[in-house]
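Participant: Pasting the sequence and the predicted coordinates here, then a few questions.
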Amino acid sequence: MLSLQTMFNALHGEAAERIRLFRVQVDPWLVFALCAILVFGLVVLNSAAQQDSAVVTNQALRVGIALVAMVIAAQVDPHTYLRWAPTLYVAGIVLLVIVLLVGTIAKGSQRWLDLPGLPRFQPSEIMKIAVPLVIAWYLHDRPLPPGPKHLLVAVVLLAVPAGLIALQPDLGTSVMVAFGGLAVIVMSGLRWRFIAAALGLMAAAAPALWFVLRDYQKRRVLTFLNPEADTQGAGWNIIQSKIAIGSGGVEGKGLFNGTQSRLDFLPESHTDFILAVIGEELGLRGMTLLLLLYLVVVARALFMATRATETFGRLAASSLTLVFFGYVFVNIGMVSGLLPVVGVPLPLVSYGGTSAITLLVGFGIVMAIHTHRRS
Amino acid sequence: MVGMQWGRFKFALNMRPGGDGSDRILKSAQQESNAFMSRTFVMLLVIALLFALLIARLGWLTVFKHDEYHTISEDNRIQDIDVAATRGRIYDRHGDVLADNRPAFSIVMVPEDVGDVEAGLAEIGMLVELTDEELDAFHARLARKRRPHSRISVKLDISPEERAAIEVNRHRLQGIHVTSDTVRHYPFGAVMSHAVGSVRRITEEDLRRLDPNVYTSATQFIGKRGVEAFYEESLHGRAGLSRVEVDAHGQIHDRGHGDDAELSEYEPLPGKNIVLHLDSRLQIAAAAALGQRRGAVVALDPRSGGILAMVSIPGYDPNLFVTGMDDALYRETSESPAKPLFNRATNGLYAPGSTFKPIVGLSALSAGTTDWEKTINDTNGEFKLPNQSRAYRDWNWTKSGTGGQGVVDLHRAVYRSSNVYFYHLGASLEVDVLPRFAAQFGFGEVTSLDVADADPGILPTAEWKAGAQGEPWYPGDNVNLSIGQGYMLVTPLQLVTAVAVIANRGRFVRPRMLLSSDPNLLTRLDVGELPRIAGPTSEDWERLVDAMEAVVHRGNQGYLQNGTAWAHIGRNLSYRMAAKSGTAQVVGIDQEEEYDEDELEEHLRKHAWFVAFAPADDPRIAVAVLVENGGSGSEVAGPVAREVIDAYLLPILAKSDPVPASTASPHIEIASTGFRLDR
């Protein structure tokens, strides 16, 4: 605890002032930690994709685009985000409805939207940013902590997109979008007793949720509870990823030497389950290094949120950061067998461009809020 | 500083907005900022705790569960694959390959990886045709006790097109692979079919009785006929294991991973190569001599008993059996009246007819009921037992009573094949004297060392007749037996064995296929030779051989004076051949009827026999030829025998090398053929 405390203080110690490079304003601490994670990710991806240079080049290109998007997002005045938050949110809702009606089906769910003139994308990604922004927008000029009425509005604002995404069905993204909205409410100062009561209520409602889940989602939950029941089918992923991590030990088998991933025992080894590759090849040391980098990002971004001078900035920045943490926790939890398998990538490391862009744009907004604060 | 942070934290916990909060417009910006600060701090603590939880979980997996998961991960990637032993090759005496292994591709399945085996078979069935036989064989193997993850073959020896069909769809065919292995190949095809035999796919019954440690799921074939069956154990070897690295789909990634000692092979023990006495050139010549006629030719080296040729016509293409023929072809083959699957040389039972006469003569000489000077006068070609009306006829008999052969002694009785003379001898012998004497030549039992499933034939005795026919032995039975008719049945292999004994002047050698292999195999076969024939003197043997030479060589002597075979094969012979023709009756002829070949249905016509050895004074080859329903032995079977002997002897004689000392030991034969064993 003491080290965390010290780190918090150190960050507070103004070592990291904004830099102005070609009049571009970014936060060096955050950028450094994010880039470290991205480089780490590309190295591991190279191994997980069995040194398929096309995969790595492709990902590097997306990461580059995402970084540019982040830098651009960091230059925008936070009031612009405040003004456009409702519009973005409404547009996102409309797109989610469209996707349910005419979306492209992939892997059994309707997530993708092919709009003429635009690259294929998942509208649910927009909501990962739009929901925190719109709830922060709603609460920023209201008394905090919010009363029951505003609370209800905030919950509705997050529940609608989360519900629409769950219908696709995409449980992982739905949970993360809902989590983004809840993060704003929690950061707005909602009393702990309410939070505790809500958690208790959710736990009590969980059995009822069972009847809402699709068959494959039920299977995932059952698999989580007892993966050995179906070693060849649904339990395969989680069993093989635990084997990969466990067999890697503290030292790891060495980069490119992971047999679980190289010999295809580990499915999704370069996407959702890439942590198992890290564990198998780089061991506990590699995974700990990555976790520390994540911690640095989260801590620095939260610190930046506390330095914001306006309520909207504080709520938006902190909740975007918490969403990022949520990704880390849910992904590692699921890959290591602590949580059921939901389709959540390991942020900035898993192969796939959309989530990298969303997350880095999120951090761009955090930097914008921090940079444009009134001194 | 720390104290101040904790102070703020307390403040945050104690924060009370008062009222329901919605009405409160006034609020301090600083207060709200502080509240946010403390909440952030709490969240950071929660985050740190959750990070710690993740690290703890990962630490648990990597430190405390490491050994367990390491083992599982090794089990995942390392698999022991059954590997068939390479089946031993079979060579002839000159080193020509009679049974080989040719590379082939097969479809195999790992049932554990497929999950639904029937669905997997259906998937394969859509790409390549699977016969009922193949499906049955697969299920038999599936039901058998086997190591987990072992491969079971679905279809052997697939075509390049079938292979392509599977490979293209490989992504859909989880647990189904194409492997390369070997399939038995018989370069000589039908010519060698009855001599070498053939392998078949292992059947359910085979698997039940076989040692599962020797025959694993990798073993595809088992010797079912001939040499392949007799030497199955030696030819098969022992199936082994190959430790390989496989991926999740069962594809082999690495054989014998250089730096990983664990990925080593538990080598299968290859089957032993064996070398046979067979001479492929002689075999081809014998088959060609017989042509399309149903029958058999067996040739052996009387010195060693080595079988030089064993032809049974019709034969079959053993290659068709290897991977299983289709039902229609199999039915056609197995139900054909010509019986191509039947080995006439070792299992065809025929009355020996006149070819038995030399042994009858020797028997009477030994019993003292005749000698070389004793004669009979055959006036009308008939013989009658005292006080019986039934007439036993000579082959020369006619209705008009002009078929007598005049004054006949034993010498003349052999070269003229006089039935009447031998009727007298038969009548002169006590019950069972002749069968007991003939038994020394191997009739009525299997004397061959290593001929699979050879038939013992029938050597009728009084005891046998009482058992088999429920009748006493009549004097007429002796008469019939004296010309090789009646109940006696022999195989061509038995007859050639007896001829080799005559060629050896009484020394018995067991017929054998194996020329050489490793010493263990020879030890196993060391069952001992049979004793010399007791009774005849060495003069008897020589005079008998002289008489048999006369069968072929006595010519230009006028009506009823030439050897029976001279006109057909005796001219232009550059070496001395000793022989005896035989024409075995298939049906009884009425007392008043003449045998008229043209009037008889083909399958009722007489069988043509011819037995011979040459050179008469230093025999190198003995031959028995049978042509089913061929008619006259001398005329039909004689030329076949001569062609066979010519093919074998003329090249040897042309070299004009002194004939090497005769030997019965295969050990020494190896050296004399100069054939290297270990290849």
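Facilitator: Nice, thanks for sending it over. Residues are numbered from 1 along each chain as shown, chains lettered A, B, ... in the order given.
Participant: Torsion angles phi and psi at the closest residue to A:Val55 other than its chain neighbours?
Facilitator: Leaving aside its sequence neighbours, A:Val55 sits nearest to A:Ala49 (C-beta to C-beta, 6 or more residues apart in numbering or on different chains; 3.9 Å). Heads up, the C-betas are built off the backbone N, CA and C, glycines and all. With angles defined as degrees, to the nearest 10, A:Ala49 sits at phi -90, psi 20.
Participant: Can you tell me the element the residue lying closest to B:Leu58 once chain neighbours are set aside falls in?
Facilitator: Spatially, and ignoring its direct neighbours in sequence, B:Leu58 is nearest to A:Met287 (5.3 Å; C-beta to C-beta, 6+ apart). In this structure, A:Met287 is located in helix A:274-306 according to DSSP states H and E.
Participant: residue contacts, A:Leu295?
Facilitator: Applying C-beta atoms under 8 Å, 6 or more residues apart in numbering or on different chains to A:Leu295 gives the contacts B:47-48, B:51.
Participant: For chain A, which residue gets nearest to chain B?
Facilitator: A:Gly246 (2.7 Å; C-beta to the nearest C-beta).
Participant: how deep is that residue tucked in, by neighbour count?
Facilitator: The local packing of A:Gly246 (other C-beta atoms under 10 Å in any protein chain shown) involves 29 other residues.
Participant: how about it, what does it touch?
Facilitator: With contact set as C-beta under 8 Å, 6+ apart, A:Gly246 has these partners: B:61-62, B:65-66, B:68-70, B:72-73.
Participant: which SS class is it?
Facilitator: helix (DSSP: H, G, I helix; E, B strand; the rest coil).
Participant: quick one: pLDDT of A:Leu199?
Facilitator: You'll see A:Leu199 listed with a pLDDT of 85.
Participant: quick one: which helix or strand includes it?
Facilitator: helix A:192-209.
Participant: From A:Phe265, how far off is the residue nearest to A:Val55?
Facilitator: Going from A:Ala49 to A:Phe265 by C-beta to C-beta, to the nearest Å gives 16 Å.
Participant: Compare the two (neighbour count), which wins?
Facilitator: Taking neighbours as other C-beta under 10 Å, A:Ala49 and A:Phe265 compare with A:Phe265 leading, 25 against 21.
Participant: hang on, that one is in a helix, isn't it?
Facilitator: No. Counting by three-state DSSP, A:Phe265 is not part of a helix but coil.
Participant: Which of the three states applies to the residue nearest to it when sequence neighbours are not counted?
Facilitator: Nearest non-adjacent residue to A:Phe265, counting by C-beta to C-beta, 6+ apart: B:Ala248, 4.5 Å away. The local conformation at B:Ala248, judged by three-state DSSP, is coil.
Participant: and B:Ala248, what is it in contact with?
Facilitator: Going by C-beta under 8 Å, 6+ apart, B:Ala248 touches A:263-265, B:76.
Participant: One more: B:Phe138?
Facilitator: B:Phe138 sits next to B:109, B:121, B:152-154 when contact means C-beta under 8 Å, 6+ apart.
Participant: ok, the residues you listed vs B:Ile376, which is closest?
Facilitator: Top of the list for closeness to B:Ile376, among the contacts of B:Phe138 and by C-beta to C-beta, is B:Ser153 at 69.2 Å.
Participant: Surely that closest one and B:Val108 touch.
Facilitator: Yes. Proximity of B:Ser153 to B:Val108 meets the contact threshold set by C-beta atoms under 8 Å, at 5.0 Å.
Participant: and the longest strand seen in chain B, which strands flank it?
Facilitator: Longest strand of chain B, by residue count under DSSP state E: strand B:97-109. According to DSSP bridges, strand B:97-109 has the following sheet partners: strand B:90-91 (antiparallel), strand B:152-155 (antiparallel), strand B:176-185 (antiparallel).
Participant: which regions of chain B lie under the pLDDT threshold?
Facilitator: For chain B, the stretches flagged by pLDDT under 70 are B:1-28, B:147-148, B:249-251, B:254-266, B:323-326, B:517-527, B:587-603, B:656-679.
Participant: try it again with 50
Facilitator: B:1-26, B:256-263, B:659-679 (pLDDT under 50).
Participant: Where does it get nearest to chain A, which residue?
Facilitator: Proximity of chain B to chain A (C-beta to the nearest C-beta) peaks at B:Tyr69, 2.7 Å away.
Participant: Give me the spatial nearest neighbour of that residue, chain neighbours excluded.
Facilitator: Spatial nearest neighbour of B:Tyr69, chain neighbours left out: A:Gly246 (2.7 Å); criterion: C-beta to C-beta, 6+ apart.
Participant: got it, and B:Ser366?
Facilitator: B:Gly535 (2.9 Å).
Participant: Which segments of chain B make up each domain?
Facilitator: With domains defined by automatic domain parsing, chain B comprises B:79-271, B:353-653.
Participant: How far does stretch B:69-78 sit from its chain's centre?
Facilitator: 44 Å (C-alpha atoms, centre = their mean, to the nearest Å).
Participant: least trustworthy helix or strand in chain A by mean pLDDT?
Facilitator: Ranked by mean pLDDT, DSSP states H and E, the weakest helix or strand in chain A is strand A:19-21, scoring a mean of 47.
Participant: what's the most distant pair in the contacts of A:Gly246?
Facilitator: B:Thr62 and B:Ile72 (13.9 Å).
Participant: Comparing those two, which residue is more hemmed in?
Facilitator: Remark: of B:Thr62 and B:Ile72, B:Thr62 carries more neighbours, 26 against 19, as counted by other C-beta under 10 Å.
Participant: How many neighbouring residues does the closest residue to the more buried one other than its chain neighbours have?
Facilitator: Among residues not flanking B:Thr62 along the chain, A:Leu284 sits closest, at 4.2 Å (C-beta to C-beta, 6+ apart). Counted with other C-beta under 10 Å, the neighbours of A:Leu284 add up to 22.
Participant: same question, the one 4 residues further on
Facilitator: Taking other C-beta under 10 Å as the neighbour definition, A:Thr288 ends up with a count of 18.
Participant: ok, it touching B:Ile55?
Facilitator: Yes. Using C-beta under 8 Å, A:Thr288 is in contact with B:Ile55, at 6.2 Å.
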